[in-house]
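Enquirer: I need the structure of the sequence given here:
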Amino acid sequence: MTTIRRLMYLNAAVFLLMVAAMPALAQTALPWNSAQITWTQATQYTDGSPLAVADIQHVQLEWAAAPTATTWTQQANVSPPTTTLRVDNLPAGQRCWRARTVLTASAGGLQSDWTNPVCKTITRPNPNPPVLQVADVFGTGSAPVAWVNGSGKVTDRMVGSVAAGTLCGQCFATTPTLSWCEVPRAAVVPGSVTAPGGGTVAAPCHYADLALRAA
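Expert: Numbers count the residues shown, from 1 in each chain. All right, here's what the predicted structure looks like:
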């Protein structure tokens, strides 16, 4: 039986890479549940003789949950000249890929060995905290601002107003729907009463998604 020449493995065949940040893709960050895979096409047979790109039918990619998996699942067949594949909507956890070169029928339909697997851990990012902002308590587009004394108590000394939607900081007093929280002094429109120099001021604040959370 004629000895079948296998395609060159790794450096001279399909060289598979997981791309965390390809230079060409540096301006486009991938979503957390996506992966970008790239490879270099085979250029030789295992005996060193040249392999024409026209003889490559496709690169076959398979995936599994671990590099040592015994069962792999078809991911895609990618024809030249394409040498990259983006996979989206991946579940959290580890995902591994391997690849091999498959020749055209006219070139014998030969297949290379599989590459070593490459893996990526898909990690779901933490959510952002809710946005706390000044409430439009009177329907006028603003809210009163009170002085906070040195003990962290919100006083009845109203020192001005602040626009609704202004971001709030540390909170000092809380009601079932509103909290009196620190607001930037620079955002306060002064009233007839002034706060002591350098003192903290607070306004009634709520979460931007309050209506949604309460539904």
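
Enquirer: wait, doesn't Ser79 sit right on His58?
Expert: Yes - the pair Ser79 and His58 passes the contact test of CB atoms under 8 Å, sitting 4.6 Å apart. (Glycine included, C-beta is placed from N, CA and C.)

Enquirer: the two - which one has more neighbours?
Expert: Here Ser79 and His58 are compared on neighbour count by other CB atoms under 10 Å; more neighbours surround His58, at 16 against 10.

Enquirer: ok, that one to Thr43 distance?
Expert: His58 is 16 Å from Thr43, where distance means CB to CB, to the nearest Å.

Enquirer: for Val53, same thing?
Expert: Distance, Val53 to Thr43, by CB to CB: 8 Å.

Enquirer: more neighbours: which of the two?
Expert: Shown here are Val53 and Thr43; by other CB under 10 Å, Thr43 has more neighbours (15 against 10).

Enquirer: and the helix or strand hosting Gly160, how far out from the chain middle?
Expert: The secondary structure element spanning Gly160 is strand 154-163 (assigned by DSSP states H and E). Here the centre of mass of C-alpha atoms in strand 154-163, compared against the chain's by CA atoms, centre = their mean, to the nearest Å, lies 40 Å away.

Enquirer: the residue nearest the centre of the chain sits in which helix or strand?
Expert: Centroid check for the chain by CA atoms, centre = their mean gives Trp32 as the closest residue, at 3.1 Å. In the assignment (DSSP H and E), Trp32 maps to no helix and no strand.

Enquirer: just checking, it touches Arg124?
Expert: Yes - with contacts defined as CB under 8 Å, Trp32 counts as touching Arg124 at a distance of 6.3 Å.

Enquirer: and the gap between the residue lying closest to Gln75 once chain neighbours are set aside and Gly152?
Expert: The spatially closest residue to Gln75, leaving aside those adjacent along the chain, is Leu61, at 4.3 Å (CB to CB, 6 or more residues apart in numbering). Applying CB to CB, the value for Leu61 to Gly152 is 59 Å.

Enquirer: comparing those two, which residue is more hemmed in?
Expert: Set side by side, Leu61 and Gly152 show unequal neighbour counts under other CB under 10 Å, the larger going to Leu61 at 22 against 11.

Enquirer: what ranges do the strands span in the chain?
Expert: 15-19, 35-40, 56-64, 73-78, 84-87, 93-103, 118-122, 132-134, 142-148, 154-163, 171-174, 179-182, 189-190, 200-207 (DSSP state E).

Enquirer: deepest-packed of the ones you listed, please.
Expert: Mean neighbour count (mean count of other CB atoms under 10 Å) peaks for strand 200-207 among these, with a mean of 24.

Enquirer: read off the pLDDT value for the nearest residue in space to Gly191 that is not next to it in sequence.
Expert: Spatial nearest neighbour of Gly191, excluding adjacent residues (CB to CB, 6+ apart): Gly160 at 4.1 Å. Predicted confidence (pLDDT) at Gly160: the value is 90.

Enquirer: ok, Ala26 next?
Expert: According to the per-residue confidence, Ala26 scores 32 in pLDDT.

Enquirer: what's the answer for Asp47, then?
Expert: The per-residue pLDDT reported for Asp47 equals 91.

Enquirer: I'd like the numbering to begin with 197 instead of 1 from here.
Expert: All right, first residue 197 from here; so that's Asp243.

Enquirer: domain assignment for the chain?
Expert: According to automatic domain parsing, the chain is divided into the following domains: 206-318, 328-410.
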